Structure formats: structure tokens, C-alpha cells
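# A structural model of the following input is requested.
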Amino acid sequence: MPVPPSPQATRRAWLAAGASASLGLLGGCAGAGASAPTLLQAPAAQLPGTHQQDLQDPASGHTWRVWVQRPAGPAPATGHPMLYVLDGNAAFALAAQLARNDAARPPELRPDAAIVVGVGHPGDAVIHPAERQRDYTPPPPGGRATAEAGGAQVLLDFIARELQPRIAQAFPVDAQRQTITGHSFGGLCVLHALFTRPAQFTRYAATSPSVWWNQGQVLQTAAQFAQMHATAPRAFQARLQLRVGGLEHAQAAATPARAAVQAERRLLERTDALARQLTALAWPELRVQMAVLPGLDHGGAMLPGLTDALALAQQPR
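Predicted coordinates:
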């Protein structure tokens, strides 16, 4: 009489069968025929409802890659809230999927359907260091942009002149819920936009902004902004959301080299000081909200900052 297999042998057989099936997805299933495609030969995945185009700016000659996520829901009576995401190569897909997730929530919990627009650079790299420094840093005081830095005004002009009108032509948008968000150098560009053209957007979300750039130039721009608009009326209504990682200070650095960088930049301390400076203005036209993200370093702050930026964009008027 045959002896039944032991439970251990049966379990090993199940595991082996599962492993074979999993490997078959990547390498082709045995017995399926030589012509059966493997997973890695299948078409590349795409994000539903997303469109991508490389647009050349007629004024500067620069080319930016632009992504648009169609709203996954009906337009509110006032139009769709907008979220413009800098560093689109790294952050657009994350923000677009967060917006799609919101659209799948129960009706009573579902926020207004947002349109997500990513602005990045041609190519498959996640980060384009040279182009980021060129596009996201402010021009030096009294100076002009170069091929290496200072092009924030050029990029913001492109968004205002080319991109925002295209989106408004294609979709019903809410002019009172126009949000721009960025991380690191992108956050620096967001702050520069607020302090130099506070009416281009209505909401500004800066995560771990590089406020240390050029000896803290953007902090001086903030002081000039406060002085320029010291008397009412002010021709803008803006919300500023600041986020910074709780580990973005020298004492929390993982290595001595990183500690030296963070001690020089003092990003957490400078961002907190900026928030206090702007809050002290007590302007009804400018609402400031600052939060430190516990346990997160500079790179780790990007995703929760993006989540909060989308929530800011979707907030009611």
C-alpha cells in the first residue's frame, strides 16, 4: 500500500509549484509554447487618464516635459482644483495616483476631483540635476539667469504664458484653487513664486525648500515681499503650506559628512524661522501653515509633502 506524503513534503510541493508559476510570469510558462510572451516583453505600464507631451517655450527655447492627469470625477460648480507639480519626472505619477485614489473613495468622503499637472524634463531619469538647478533657483539680486542657475522666473513665465492657458482651455478649472508644489529646489521655486508673483497661484506648497540657496537669498526676498505689501489692500489671496523633515538638522544626520552639510544649510531652522516671520505679519490675505514631519529626512519628506499638497489643492475656497 503506498505511503501518503508527509505534510512537510506536501508543503514543499505547493511552494515549488507557486515558485514555478511566479517565475513563469517573467520567463515564460513551461508547456505554453515558445511564442508565449513573457511579462518583461509585455507593453510598458501606463497610468490611466494621463497624457504626456514635450513643450518648447517660444520665449526661452527651453523644452519641458508636461504630464496631465485627467480628473477622475465630475467638475465641481466652480471648476476643478489644480495642482501643478514641479520635478514631474519624480513626483507626477505619485500625485496623479493619489488623486485617482481620492476619486475611488465613498461619495461622502470624496474630495473635489483635482487636475494634476506635472512639469519636468525630457528623458527617463528620475532627477535631472543640471536642469533642476537651472529652472528652480531664483536669479541673483540685480542679475540675470545663466545657463547654470537663476531660471525660476523663466519657468514661471512659461507656466503662466503657455501652460495655465492650455489647461484652462481644455478643462473647467477653479481660478481660486490654483496650487503649485515642489520639493527641495522645487520648494525654493515655489517660495520664489509666492514672493515675486503672489497672484499667479492661490496656494503654495513647499516641502523641504532649499532656503539656504545663495546665502539664504529667498529669505531676503521674503523680507522684501513683506515690506512691499506692508500696507493694505493686497491684490492677492494666498495660502502657504510648509513641510520639513524632522531629521533635517545636523544632530540627526546619519554621517559626519551629512551633518556638516545640514549644519551649514540649517534647513529646518531657517524654514521654521520663515514660517514664524510670515505668520507674524497677521495678514488675512496670507495664511501660513507649517509642520515638521517627524522621523523623516530630506528625501523622505517628499511623499507626505505631496500628499498634503494635494489635500491643500482640494480644500474648499
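
# can we go C-alpha only for contacts and neighbour counts from here?
Will do.

# what about stretch 290-308, start to end distance?
11 Å (C-alpha to C-alpha, to the nearest Å).

# where's Q169, which helix or strand?
Applying DSSP states H and E as the criterion places Q169 in helix 164-170.

# give me the mean pLDDT for that helix.
Helix 164-170 shows a mean pLDDT of 97.

# give me the contacts around it.
The contact list for helix 164-170 (C-alpha atoms under 8 Å, 6 or more residues apart in numbering) reads V173.

# alpha carbons only: can I get it in CSV?
Output of helix 164-170 as CSV, limited to C-alpha atoms (Å, rounded to 0.1, in the frame of the first residue of the first chain):
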residue,chain,number,x,y,z
GLN,A,164,-2.0,77.5,-17.5
PRO,A,165,-4.0,78.9,-20.5
ARG,A,166,-3.8,75.5,-22.2
ILE,A,167,-5.2,73.7,-19.2
ALA,A,168,-8.0,76.3,-18.7
GLN,A,169,-8.9,75.9,-22.4
ALA,A,170,-9.1,72.1,-22.0
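
# elements contacting the helix or strand just after it?
Scanning forward in sequence from helix 164-170 by DSSP H and E, the next helix or strand is strand 173-183. Counting contacts by 3 or more C-alpha pairs under 8 Å, 6 or more residues apart in numbering; DSSP states H and E, strand 173-183 is packed against strand 80-86, helix 185-196, strand 203-207, helix 302-314.

# mind running it again at 10 Å?
Counting contacts by 3 or more C-alpha pairs under 10 Å, 6 or more residues apart in numbering; DSSP states H and E, strand 173-183 packs against strand 80-86, helix 88-103, strand 115-120, helix 164-170, helix 185-196, strand 203-207, strand 238-245, helix 302-314.

# quick one: that strand to strand 115-120, angle?
Angle, strand 173-183 to strand 115-120, by axes from the mean of the first three to the mean of the last three C-alpha atoms, to 10 degrees: 40 degrees.

# nearest spatial neighbour of I180, chain-adjacent residues omitted?
Nearest residue to I180, sequence neighbours excluded (C-alpha to C-alpha, 6 or more residues apart in numbering): Y84, at 4.6 Å.
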